[in-house]
Each structure stands twice: as C-alpha cells, then as structure tokens.
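[1] I would like the atomic coordinates for the input below:
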Amino acid sequence: MKKKKITIGKIIAGILAIVWLFVTGAPFYFMVASAFKEQFELFTSGVFAMPKGFYLDNLKEVIESNFPSYLLNSLTVVAISLVLILITASFASYPFSRFKFKLNKPLFAVVVAAMAVPIHVTLLPVFQLTQKIGLYDSIAALIGPYVAFNLPISVFILTSFMAEIPNELEESAEIDGCGKFRTFFNIILPLSKPGLATLAIYNSVNMWNEFSFALVLTQSPKSRTLPLSIWEYQGQYQANIPLIMAVLTFSAIPMIIAFAIGQDKLIKGMMAGAVKG
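    You can find the predicted model right below:
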C-alpha cells in the first residue's frame, strides 16, 4: 500500500511537472518561432505554427540597429550595480548575522521595512535628484536606484544565510588568532558563495528587465537599455511583432547563459538553511 502511494505521488508530480513545462515553455516557443517569421505571417498562420521558412532578416535588422548599444548599456549597468550590491550586502550582512549589539534588531527592521517601499513612489524624487546632480540621460543614473532598491532584499537573504554558518568555525578562527576582518574574508565569505550566487542571478534578472527607472531616467538612444529597445519597432499605428520577438530572443540569451552556468549554485543557495546540520 505504501509503495502504491509513493508511485501515485510520483505520477502526479510528473504530470504536474509536464503541465508546468508546457505553461512556461509555450511563451518561449512563441517568442523564438515568431522571430523567424515575416511581419504578416503571424496573421495568416496559427500563433504557434512553425515558420514557413526561417526568415533571418529580422535577426539581421536587429543586429544592424541600435540593439548592440542597448545590450552594452544593460551589461554595463547590471555588472557595476551587481558588484556594488554584493559587496555592500556582504559587509552589511556579516554584523547583522554574527554580532550582538543594541541596534542590531532596529537597524535590521529598517532594512526589512525598506523592502516594502514601492518603486513608483520614488520615481519623481529620484528623477529630480538625478537632474540636479547632472546624471540625467546617462547609464550612470540607473546604477544608484538599482543598487538602492535591490540592496534591502539582498541583505535580508544574505543575513539569513550567514546566520546558518556554524559558530564553531568562527570560534576556531578566533582561537587561531584571526580577527573579525580575516574571519570574514577567509571563512564567512567563502562559505557564503552559494548565497551570493543566488543573489547574483536574482538581482541580475531584476535589473536586466527593469523598465520604470530606465524609462524615466534616460531619454536618448545612446543611454537606453534593453527593456526600452522594443520602442525601435513600434510605429504610430502598428508594431512589427516578429522584430520585437527577435529583440526579446536576443535579450533573453545572456540571462539563459548566466542561469545555465550558475544553476547548481543557485539551487544550493535556495536550499541552504532548509536543513540545519
């Protein structure tokens, strides 16, 4: 009876997994297939029909447009912002997770409260500040908001991760003469690599797809990022859907590569702390 229950459970889990694969895979298939269709082929054939002929002019037109500039801007902004987030979150999470002081809980409560601040409430103040300091319409204008709005959740997650590291390791390091800084760099930080990898992928996806700040803080094509690139292919009365799908396909490739490289560390980071040992 127990074996039957386990078998039925596995069958149900398999069916649900297949259904979820179709739910998540159908939009991706539509995006890639549409990128190889002519402009009006979407209306003459089925939405999920295979392309009649692999029409490569869409991909060629995207590559020859301003897309490489948008791609470079996104890579630059995400890379700089991500490095700043991981460094700042690491230094902030260490005292929150390992030190006992009076302001620990109040300060951590402020960090948690900052996670609830909606982005749209800050658009006007950030826009005015960016204009006053002369960063408007530049990719540098995006770095500050990206770091500020992704830092609270990064500190929250990394603090929980570092808190699960056994205290015995830190105590042994202190007995051997290691100070706090050396303990942090030689023990805590290396053991936090799965958590840092999780944050890297999570924040990269958020910043890669971010639209609101990119729309408000940039104006000219030289400063736009990938989420704004689809404007190139929208006319006054219609949009070139296959070209937009080609742009989205190219935009998704870097994130797919990043996930494929770091998926093992991502899974370890997500599972960290689930079982104490």
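
[2] Please save the CA atoms from the one helix or strand I143 maps to in PDB.
    Following DSSP states H and E, one finds I143 within helix 140-163. Extracted in PDB, the C-alpha atoms of helix 140-163 (Å, rounded to 0.1, in the frame of the first residue of the first chain):
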ATOM      1  CA  ALA A 140      25.200  56.200 -14.500                       C
ATOM      2  CA  ALA A 141      21.800  57.500 -13.500                       C
ATOM      3  CA  LEU A 142      20.500  53.900 -13.300                       C
ATOM      4  CA  ILE A 143      23.200  52.500 -11.000                       C
ATOM      5  CA  GLY A 144      22.200  54.300  -7.800                       C
ATOM      6  CA  PRO A 145      18.500  53.300  -8.000                       C
ATOM      7  CA  TYR A 146      19.300  49.800  -9.000                       C
ATOM      8  CA  VAL A 147      21.600  49.300  -6.000                       C
ATOM      9  CA  ALA A 148      19.300  51.100  -3.500                       C
ATOM     10  CA  PHE A 149      16.200  49.100  -4.400                       C
ATOM     11  CA  ASN A 150      17.900  45.600  -4.600                       C
ATOM     12  CA  LEU A 151      20.100  46.000  -1.600                       C
ATOM     13  CA  PRO A 152      17.400  45.500   1.200                       C
ATOM     14  CA  ILE A 153      16.300  42.100   0.000                       C
ATOM     15  CA  SER A 154      19.900  41.100  -0.700                       C
ATOM     16  CA  VAL A 155      20.900  42.000   2.900                       C
ATOM     17  CA  PHE A 156      17.800  40.200   4.200                       C
ATOM     18  CA  ILE A 157      18.600  37.000   2.300                       C
ATOM     19  CA  LEU A 158      22.300  37.000   2.900                       C
ATOM     20  CA  THR A 159      21.900  37.700   6.700                       C
ATOM     21  CA  SER A 160      19.700  34.600   7.000                       C
ATOM     22  CA  PHE A 161      22.300  32.600   5.000                       C
ATOM     23  CA  MET A 162      25.200  33.700   7.100                       C
ATOM     24  CA  ALA A 163      23.300  33.100  10.300                       C
END
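
[3] For it, what is the distance to the chain centroid?
    How far helix 140-163 lies from its chain's middle: 12 Å, per C-alpha atoms, centre = their mean, to the nearest Å.

[4] Show me what counts as buried in it.
    By neighbour count with 16 or more other C-beta atoms under 10 Å, helix 140-163 contains the buried residues 140-159, 161-162. For the C-beta atoms, the positions are set from N, CA and C on the backbone; glycine is no exception.

[5] Ok, stretch 95-113 next?
    For stretch 95-113, the neighbour count (16+ other C-beta under 10 Å) marks P95, F96, S97, R98, F108, V111 as buried.

[6] Does the last one touch S154 like I think?
    No. Applying C-beta atoms under 8 Å, one finds V111 not in contact with S154, separated by 9.6 Å.

[7] that older thread, against which helices or strands is the helix holding I143 packed?
    Under the contact definition 3 or more C-beta pairs under 8 Å, 6 or more residues apart in numbering; DSSP states H and E, helix 140-163 sits against helix 67-98, helix 104-114, helix 123-132, helix 193-208, helix 212-217.

[8] Now do whichever helix or strand comes after that helix and helix 67-98, the angle between them.
    Toward the C-terminus, helix 140-163 is succeeded by helix 167-175 as the next helix or strand (DSSP H and E). For helix 167-175 against helix 67-98, the angle by axes from the mean of the first three to the mean of the last three C-alpha atoms, to 10 degrees is 80 degrees.

[9] what's the average pLDDT for helix 167-175?
    The pLDDT scores in helix 167-175 average 83.

[10] Pull the residues that contact it.
    Outside helix 167-175, the residues within contact range by C-beta atoms under 8 Å, 6 or more residues apart in numbering are R98, R182, T183, N186, I187, I188, L191.

[11] Just confirm the third one is within a strand.
    Going back to what we said before, that points to T183. No. T183 is assigned helix when assessed by DSSP: H, G, I helix; E, B strand; the rest coil, not a strand.

[12] please begin residue numbering at 25 from this point
    Sounds good: first residue 25 from here, last item T207.
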